[in-house]
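Chemist: Structure, please.
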Amino acid sequence: MAATLKTDIKISAFGALAFAMDTGGAKESHDFEYEVQWPSGTAASQANQVWSDTRTVNAAANDDLELDSLTQTDDAGATVRSVSFSVVKGLFIKNTSDADRIDVGGVGATAFAGDGYPFKDDSDIICIPAGGHFSWSDPDGVAVTNGATDILRIAGVTSNQTFTIWINGES
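Modeler: Model (predicted):
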């Protein structure tokens, strides 16, 4: 049975700022919406593979995700399928902990980094605070090369932190 993937990415933000004035009030609205739909495939603005997980990284430890060799597990921890990305087009990470940050990136020579990648070089790190998130997408995607650009590191800082991660792209 062949699988197909439909990807919907939606990001929405709204802020209403109210001012008290001598002769009444004023209000400003600030809206941001981003929505994209990608059909199943391997061309630009298409994806045929997705992987997601909720994970825990221990204090002062790393969770190194090898993007060309991930496993999808069920709620009981049993492996459902293997996922091997050749191109990554979307990456979303939410720090679901209520204290402390997680650091993403900074792996070294095998980092998921380079021109056009979410990380410019192998020492770049994004700090995601408790309750915060990071999102990145590229309709063309960036290549995952076994042993060269295949490790995405999630590092715990001062305590055990949980995070949710979602990746899509091509296999």
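
Chemist: Identify the bridge partners of the closest residue in space to residue 170 that isn't next to it in sequence.
Modeler: For residue 170, the nearest residue in space outside its immediate sequence neighbours is residue 87; the separation is 4.1 Å by C-beta to C-beta, 6 or more residues apart in numbering. In short, each C-beta sits where N, CA and C put it, glycine included. Residue 87 has these beta-bridge partners by DSSP bridges: residue 143, residue 170.

Chemist: give the contact list for residue 87.
Modeler: Contacts of residue 87 were listed using C-beta atoms under 8 Å, 6 or more residues apart in numbering, and they are 42, 141, 142, 143, 144, 169, 170.

Chemist: Ok, residue 134 next?
Modeler: The neighbours of residue 134, taking C-beta under 8 Å, 6+ apart as the test, are 91, 92, 93, 104, 126, 128.

Chemist: Quick check: next helix or strand after the one helix or strand the first one maps to?
Modeler: Put plainly, it is residue 91. Assigning secondary structure by DSSP states H and E places residue 91 in strand 87-95. Toward the C-terminus, strand 87-95 is succeeded by strand 102-105 as the next helix or strand (DSSP H and E).

Chemist: Near residue 114, how many residues? Count them for me, please.
Modeler: 16 (other C-beta atoms under 10 Å).

Chemist: give the contact list for it.
Modeler: 120, 121, 142, 149.

Chemist: Find the residue closest to the last one in space, skipping its chain neighbours.
Modeler: Okay, so that is residue 149. What sits nearest to residue 149 in space, not counting adjacent residues and going by C-beta to C-beta, 6+ apart, is residue 112, at 5.5 Å.
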